[in-house]
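>>> Pasting the sequence and the predicted model now:
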Amino acid sequence: MAAQRICEALRAAGVEVWFDQNELVGGDAWDAKIRKQIKECALFVPVISTNTNARLEGYFRREWKLAVERTHDMADEKTFLMPVVIDATTDAGAFVPEKFREVQWTRIGSADSLHAFCEGVKKLLGGFELEAGRPLGSVGLAKEARPAQRDGPPSPDGFGGPRGVASPVRAGKVGRALRARLAWSLGAIGVASLAAVIGWKLLHPGADSAAQGSVTSTAEKTAAPLSGARKLVVQARALFEEGDYANHENFFLADDLLKRALALDGTDGELWAAQAQLSREMLMLGYDRTSARADGLRMQAQRAIKLLPESVEAQIAYAGYLQNTGGSAAHESIRLMQQLSGRAPTNRRIFRVLGMAYGMVNNLDEAVAAFDRAHALPGGDAVALAMKAAQLIWYGRYEEAETTVAQAQALRTTGRGLVLDVMLKLCWRGDLDGAETALERWPAWLRLEDRGVFFASQVWL
């Protein structure tokens, strides 16, 4: 069943799941427990499907309304509602409270999308700070629930093509709290099933839950609380920083969050740096290649570097802008990132920008070396490997590119890696069966994006 698979995936990702099938005991006042969890949870995730549409009455609809009511006491900057769709139900066709339509929906239709969801939950919850006096217990699950079921040198997108000409391929994710909690309302799935609320607490990897409640670092004790604007930046970065597996809507939601942050504080260089980095990603990955976006990137990067000239994030943003400009500016981007790598040698995004800048000046060997440095950092870097593979393809080194794509995908699935895999099978190997099989493994969202539509159409043609 879908709910059980999601629970298991979250537990595997280090998230403890409280589930009523296992943990409600005789005599529990389940209605009161559900209400309490909705009142105290960090996030509320209604799960939407054709089955919820089919049931115009049910306890889960009361849960949804209780969650919406709680938002009336919240600032607009606070993220609370996080709807999830587990089938083909559309936003417009779903019978849900209007408040749900004001926020971005997430679709979970494959193992890859489930993994991305779990990672996104961990990152997003990592940015929440529990309010003073709120207990750190797990939250509850409603009784009787039956859970269901990405001009010469490569273009900025990394797939080649002269600068200024749209490429046919458009390559397309934190805080102090040691634990945070999430309530999830699961709509009725079976004929006789009701609804459920799942609560999770995010556990610090490798630490036992009892110790976490009392262990606080010196930095945590002295750090000033995040402003409302900075909290929005944390949420936005969780959506776009890993970039290549996030879909179109993730980027535009992050853009909205950052615009709200800048409206709250337009003098914070870190906010401008985040906006510039997002604009560069949207230009590079093909989500927005308008002149307005390019002009915005220039303005945002310049403001960031003027406000905070020594900031690592501001310098990454400014170097990314220079790299995107090309020509002699790319050489300046290289110089900046080489210097910054000495200050922040474990920041993999520095080496990604450096690799792209080297590509812009036709220095493939140094580009590959920069991407390899990002990947050599602890945990590896599937995004950097996919960027390296795209550069290798542009220079005709297809066999090396194929090996690099496989290495990247074994580490972590990325949208670019999925597209490059099909591209190589189709256009280099001529392996139509292999390309079709690979295409069938794509997550649903990739099939709906320009890059996915393009290569799917080529395979079928």
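Arrived safely.

>>> Wait, Ala357 touches Gln323, no?
Yes - contact criterion CB atoms under 8 Å: Ala357 and Gln323 qualify, at 4.2 Å. (C-beta placed from N, C-alpha, C; glycine too.)

>>> Which neighbours do those two have in common?
Jointly contacting Ala357 and Gln323 under the rule CB atoms under 8 Å, 6 or more residues apart in numbering are 330, 333.

>>> Ser328: neighbour count?
Burial of Ser328 is recorded as 10 neighbouring residues (other CB atoms under 10 Å).

>>> and what of Gly430?
When neighbours are defined as other CB under 10 Å, Gly430 has 9 of them.

>>> Quick one: mean pLDDT over the strand or helix carrying Ala263.
Using DSSP states H and E, the secondary-structure element containing Ala263 is helix 248-264. Per-residue confidence for helix 248-264 averages out to 90 on the pLDDT scale.

>>> can you pull the buried residues of that helix?
Buried positions in helix 248-264, judged by neighbour count with 16 or more other CB atoms under 10 Å: 248, 250-255, 257-258, 260-262.

>>> immediately after that helix, which helix or strand?
Beyond helix 248-264 toward the C-terminal end (DSSP H and E), the next one is helix 269-285.

>>> How much space separates Phe251 from Tyr287?
Counting by CB to CB, to the nearest Å, the separation of Phe251 from Tyr287 is 5 Å.

>>> typo on my end, Leu271
In this view, Leu271 and Tyr287 are 20 Å apart by CB to CB.

>>> Counting neighbours, go ahead and name the busier of these two.
More crowded of Leu271 and Tyr287, by other CB under 10 Å: Leu271, with 28 against 25.

>>> In contact with that one, which residues?
The neighbours of Leu271, taking CB under 8 Å, 6+ apart as the test, are 229-230, 233, 258, 261-262, 265.

>>> Tell me the one of the residues you listed nearest Leu364?
Within the contacts of Leu271, distances to Leu364 taken as CB to CB reach their minimum at Leu258, with 33.5 Å.

>>> That closest one is in contact with Ala236, isn't it?
Yes - the pair Leu258 and Ala236 qualifies as a contact (CB under 8 Å) at a distance of 4.9 Å.

>>> Give me the common contacts of these two.
In terms of CB under 8 Å, 6+ apart, Leu258 and Ala236 are both contacted by the residues 274, 278.

>>> and Pro309, how many residues sit next to it?
As a burial measure, the neighbour count of Pro309 was computed by other CB under 10 Å and equals 11.

>>> Next one: it, what pLDDT does it get?
94.

>>> Find the helix or strand that the closest residue to it other than its chain neighbours is a member of.
Using CB to CB, 6 or more residues apart in numbering and skipping residues adjacent in sequence, the residue nearest Pro309 is Gln315, 8.0 Å away. In this structure, Gln315 is located in helix 312-325 according to DSSP H and E.

>>> from the chain's centre, how far out does the helix or strand just after that helix sit?
Tracing the chain past helix 312-325, the next element assigned as helix or strand by DSSP H and E is helix 328-343. The gap between where helix 328-343 is centred and where its chain is centred comes out at 27 Å by CA atoms, centre = their mean, to the nearest Å.

>>> How about stretch 323-337?
With CA atoms, centre = their mean as the basis, the distance from the averaged C-alpha position of stretch 323-337 to the chain average is 27 Å.

>>> In PDB, list the C-alpha atoms belonging to it.
The C-alpha trace of stretch 323-337 is given here as PDB (Å, rounded to 0.1, in the frame of the first residue of the first chain):
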ATOM      1  CA  GLN A 323      30.200  32.400 -15.900                       C
ATOM      2  CA  ASN A 324      26.800  32.800 -17.400                       C
ATOM      3  CA  THR A 325      28.000  36.000 -19.300                       C
ATOM      4  CA  GLY A 326      30.800  34.100 -21.000                       C
ATOM      5  CA  GLY A 327      33.800  35.500 -22.800                       C
ATOM      6  CA  SER A 328      36.400  37.300 -20.700                       C
ATOM      7  CA  ALA A 329      34.000  37.300 -17.800                       C
ATOM      8  CA  ALA A 330      34.300  33.600 -17.500                       C
ATOM      9  CA  HIS A 331      38.000  34.000 -16.900                       C
ATOM     10  CA  GLU A 332      37.200  36.300 -14.000                       C
ATOM     11  CA  SER A 333      34.700  33.700 -12.700                       C
ATOM     12  CA  ILE A 334      37.500  31.100 -12.700                       C
ATOM     13  CA  ARG A 335      39.800  33.400 -10.800                       C
ATOM     14  CA  LEU A 336      37.200  34.100  -8.100                       C
ATOM     15  CA  MET A 337      36.300  30.500  -7.600                       C
END
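
>>> what residues does that stretch touch?
Identification of contacts with stretch 323-337 by CB under 8 Å, 6+ apart yields 151, 153, 156, 163, 280, 283-284, 294, 297, 315-316, 318-320, 322, 350-351, 353-354, 356-358, 360-361.

>>> circling back: need the overlap of contacts for Phe251 and Tyr287.
If you check Phe251 and Tyr287 against CB under 8 Å, 6+ apart, the residues they both contact are Glu281.

>>> got any ranges where the stretch 51-200 of the chain has weak pLDDT?
Residue ranges of the stretch 51-200 of the chain with pLDDT under 70: 77, 110-112, 123-200.

>>> now do the stretch 201-350 of the chain
Low-confidence segments of the stretch 201-350 of the chain, defined by pLDDT under 70, are located at 201-224, 242-246.

>>> Can you show me the strands along the stretch 1-150 of the chain?
15-18, 43-48, 84-85, 106-107 (DSSP state E, counting those that start in this stretch).

>>> Let's have those in a markdown table, adding mean neighbour count.
Compiled in a markdown table, the strands of the stretch 1-150 of the chain are given as follows (neighbours: other CB atoms under 10 Å):
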| stretch | mean neighbour count |
| --- | --- |
| strand 15-18 | 20 |
| strand 43-48 | 24 |
| strand 84-85 | 20 |
| strand 106-107 | 21 |
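
>>> With distance to Ala276 as new columns, can those be given to me in CSV?
Shown next, in CSV, are these (distance: least, CB to CB, whole Å):
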stretch, distance to Ala276
strand 15-18, 32
strand 43-48, 28
strand 84-85, 31
strand 106-107, 26
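
>>> In terms of mean pLDDT, which of the ones you listed ranks lowest?
If you rank the strands of the stretch 1-150 of the chain by mean pLDDT, strand 15-18 sits at the bottom with a mean of 60.

>>> What is the nearest of the buried residues of helix 248-264 to Lys425?
The nearest one, if we look at these relative to Lys425 and count by CB to CB, is His248, at 24.5 Å.
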